[in-house]
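Novice: Mind looking at a prediction? Sequence and model below.
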Amino acid sequence: MNKQWLSIFIAAFFEVGWVIGLKHANSVVEWIGTAIAIFISFYLLIKAGESLPVGTVYAVFVGLGTAGTVLADSLLFGEPWKLAKIASIAVLLAGVIGLKLVTGEPRDKGVKE
């Protein structure tokens, strides 16, 4: 896995953090943490989009963020699991993995297409 793909995974991790923060932040410190997570998440997303196809980057980012948020809701906040929810996340993750597999390596910045 190269640096750009790793940054998408880290960005998705921070996306889960800021989504949880938007719902549950109650203090100034929690809101500041949420704002920092938003900044880091979108910074890494933008940087990855400079080298990889933007549509793929965004789809993978949103897919991982969605799956991570659902998982966090269940593990941290007691949201019940349902078979339909698990199946939907499995399909979503299969799509994310498929996009990763069919997307080529990053383009060289000096090469014009």
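Specialist: That came through, no problem.

Novice: Return the set of buried residues in the helix or strand harbouring residue 66.
Specialist: Here residue 66 sits within helix 54-77, counting by DSSP states H and E. Buried positions in helix 54-77, judged by neighbour count with 16 or more other CB atoms under 10 Å: 56-57, 59-61, 63-70, 73. (C-beta placed from N, C-alpha, C; glycine too.)

Novice: Mind listing residues that contact it?
Specialist: 8-9, 11-13, 15-16, 19-20, 45, 48-49, 79-81, 85, 89, 92-93, 95-96, 99-100, 103 (CB atoms under 8 Å, 6 or more residues apart in numbering).

Novice: All the helices of this structure, in order from the start?
Specialist: Assigned by DSSP state H, the chain shows helices spanning 3-24, 28-49, 54-77, 83-102.

Novice: Take the ones you listed and lay them out in a markdown table including mean pLDDT.
Specialist: Formatted as a markdown table, these follow (pLDDT from 0 to 100):
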| stretch | mean pLDDT |
| --- | --- |
| helix 3-24 | 93 |
| helix 28-49 | 95 |
| helix 54-77 | 89 |
| helix 83-102 | 87 |
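
Novice: Greatest separation within the buried residues of helix 54-77: which pair is it?
Specialist: The largest separation in these, counting by CB to CB, is between 56 and 73 at 26.0 Å.

Novice: how close does residue 46 sit to residue 61?
Specialist: 11 Å (CB to CB, to the nearest Å).

Novice: For residue 85, give me its contacts.
Specialist: residue 70.

Novice: Kindly report the same for residue 96.
Specialist: 59-60, 63-64, 67.
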